[in-house]
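K.L.:
Following is a predicted model, sequence given first.
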Amino acid sequence: MGATGAAGATGAAGAFRAGETGLIIKVSEAESVVSRWRSRFDPAAAAGVPAHITALYPFLPQHRVDAAVLAELAAVFGTHRAFEVQLSQSRRFPGVLYLAPEPDVGLRALTRAIAARWPEAPPYRGQFADVVPHLTIAHSQDPQVLDAIEADVGGQLPVAAQIAAVQLIAYVGERWIQVRSFGLAPCD
């Protein structure tokens, strides 16, 4: 998940720390489009994180996530309605290719709500003034690699995704595991 990816990936599997947690939104609808690339070029995928959009990384250390925190997370997410996004174009951060969800207003609202409730856990440790919702496809310093991936993925877009839940994940040494899933309020 780093600012450019999911579950804190900043380019190397060693960037993950045991006991870290994150809040992600699984985007299973995009797996068939991005999984072969993510498995090769996204350390988060290699560590067990599915295709996703990060809601907040890092969240609280795992030892601080108790029953009260889980109940508060459920309450926060329960105030947000489920919604749909389209992944219709790829974009880039330096060295990173990603899919841009549109509209992103609901995703930004989720991130703001979590960060407001737990200010001690700012998104991406406060490194970025504007947190851009994204689904990371690949990390590479070789623009030609990203060009090739972008050409392949572009022919398979758009992907419509239903945003109906947020997952709490934890890094347990070699892999990220899902701890809990929190549903958003149903659409009318």
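P.N.:
It's in.
K.L.:
Do you know the pLDDT at the most centrally placed residue in the chain?
P.N.:
In the chain, the C-alpha nearest the mean C-alpha coordinate belongs to Thr54, at 2.2 Å (CA atoms, centre = their mean). What the model reports as pLDDT for Thr54 is 98.
K.L.:
Need phi/psi at it.
P.N.:
The phi/psi pair for Thr54 (degrees, to the nearest 10) reads phi -80, psi 130.
K.L.:
Can you verify my assumption that Gln141 contacts Arg92?
P.N.:
No: the pair Gln141 / Arg92 is not scored as a contact, 11.9 Å apart, by CB atoms under 8 Å. No exception for glycine: its C-beta is placed from N, CA and C like everyone else's.
K.L.:
ok, those two, which is more surrounded?
P.N.:
Arg92 (16 against 10; other CB atoms under 10 Å).
K.L.:
In the sheet, which residues pair with the more buried one? Tell me.
P.N.:
Leu97 (DSSP bridges).
K.L.:
and Tyr186, how many neighbours does it have?
P.N.:
Rather than Tyr, residue 186 is Pro. Pro186, neighbours per other CB under 10 Å, totals 8.
K.L.:
Ignore what I typed, I meant Gln89.
P.N.:
14.
K.L.:
surely it meets Leu157?
P.N.:
Yes: using CB under 8 Å, Gln89 is in contact with Leu157, at 6.8 Å.
K.L.:
Can you list the buried residues in the helix or strand of the chain with the lowest mean pLDDT?
P.N.:
Lowest by mean pLDDT, DSSP states H and E among the helices and strands of the chain is helix 43-46, with a mean of 94. Buried residues in helix 43-46, defined by neighbour count with 16 or more other CB atoms under 10 Å: 43-45.
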